[in-house]
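Novice: Dropping the sequence and predicted coords here.
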2 protein chains.
Amino acid sequence: MGLTKTAIFSDTQNEISVFAKVIGHPARVAILEQLFKIDSCICGDFVSEIGLAQATISQHLRELKQMGLIKGTIEGTSVCYCIHRENWTKMKKVMTQFLDQDLSEDSCC
Amino acid sequence: MGLTKTAIFSDTQNEISVFAKVIGHPARVAILEQLFKIDSCICGDFVSEIGLAQATISQHLRELKQMGLIKGTIEGTSVCYCIHRENWTKMKKVMTQFLDQDLSEDSCC
DNA sequence: TTTATTTATTGCAATATTACGATTAATATC
DNA sequence: GATATTAATCGTAATATTGCAATAAATAAA
């Protein structure tokens, strides 16, 4: 099939997995890291920094934009991208809550 | 293509994305949540709890095991699964470091 | 030994993802 | 206006993922 059965899972479970999925590609990780490192907008320098074709980068940027993690502003012929702070914070909260789960000592084999 | 070009990314970038990818499916999120909730091993109760076929669950368990997030111990005819605490902690560290990045105020558009 | 019970594996079909060349659209610059 | 420059989109190919039925393997119970 290839089609995830989202209906049988809770909203939170789906939310966690969707957030994780968007981080689940090194190119998107690299894009986000660059935006944090520069600590401002980046206008079109992704293609030269990351070794992927322009069309491919554009596709990854679209996915990040669709998930709301970045936003782009048109600036003449180029587009300036930056982190969407509110949404990043929201994702951080959701993911951290999941990751921070813990077990009591020696609870299992 | 469909083949991620891991070679052009850093080890850290690949590590983050691989960890995220394994969390990137609600069934695997559900399995992990159950293990944390029960706070001990689970022997074969996944299929009844999650609404997916036995073969599918087994496949997801294998992926989690391959990533080292869970470990299984054979217990007669059934297998008891539990969280691999050390590896979970390691993943938490890697992911948290990535998620905790922050921007200075008003750094962008 | 025969018969459950339980999990892993295999084989398959359907959908998703990744990547890129080519093209399009939009604005700058000449 | 004609020509660059930049980013998005389209089309396509290759690989990955998801899901399940059927089967295999391994142990427990009768």
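Specialist: The structure has been received and is ready for your questions.

Novice: Establish whether stretch A:44-51 and DNA strand D are in contact.
Specialist: Yes. Judged by Cβ under 7 Å from any atom of the strand, stretch A:44-51 comes into contact with DNA strand D at A:44, A:47. Yep, even glycine has a C-beta here, placed from its N, CA and C like the rest.

Novice: Please enumerate the helices of chain A.
Specialist: Taking DSSP state H to define them, one finds helices in chain A at A:11-23, A:26-38, A:46-49, A:54-66, A:85-99.

Novice: what is the mean pLDDT for the longest one?
Specialist: This predicted structure assigns helix A:85-99 an average pLDDT of 96.

Novice: what's in contact with that helix?
Specialist: For helix A:85-99, contacts defined as Cβ atoms under 8 Å, 6 or more residues apart in numbering or on different chains pick out A:12, A:15-16, A:19-20, A:67-69, B:23, B:29, B:33, B:91-92, B:95-96, B:99-100, B:103.

Novice: Could you tell me the least trusted of the helices of chain A?
Specialist: Of all the helices of chain A, the minimum mean pLDDT falls on helix A:46-49 (a mean of 90).

Novice: Tell me how far it lies from the chain's centre.
Specialist: Here the centre of helix A:46-49 is set off from its chain's centre by 18 Å, with Cα atoms, centre = their mean, to the nearest Å.

Novice: which of the residues in it are buried?
Specialist: A:Phe46 (16 or more other Cβ atoms under 10 Å in any protein chain shown).

Novice: name the helices or strands packed onto it?
Specialist: Counting contacts by 3 or more Cβ pairs under 8 Å, 6 or more residues apart in numbering or on different chains; DSSP states H and E, helix A:46-49 is packed against helix A:26-38, helix A:54-66.

Novice: Most tightly packed of those helices?
Specialist: Mean neighbours per residue, mean count of other Cβ atoms under 10 Å in any protein chain shown, is largest over those for helix A:26-38, with a mean of 20.
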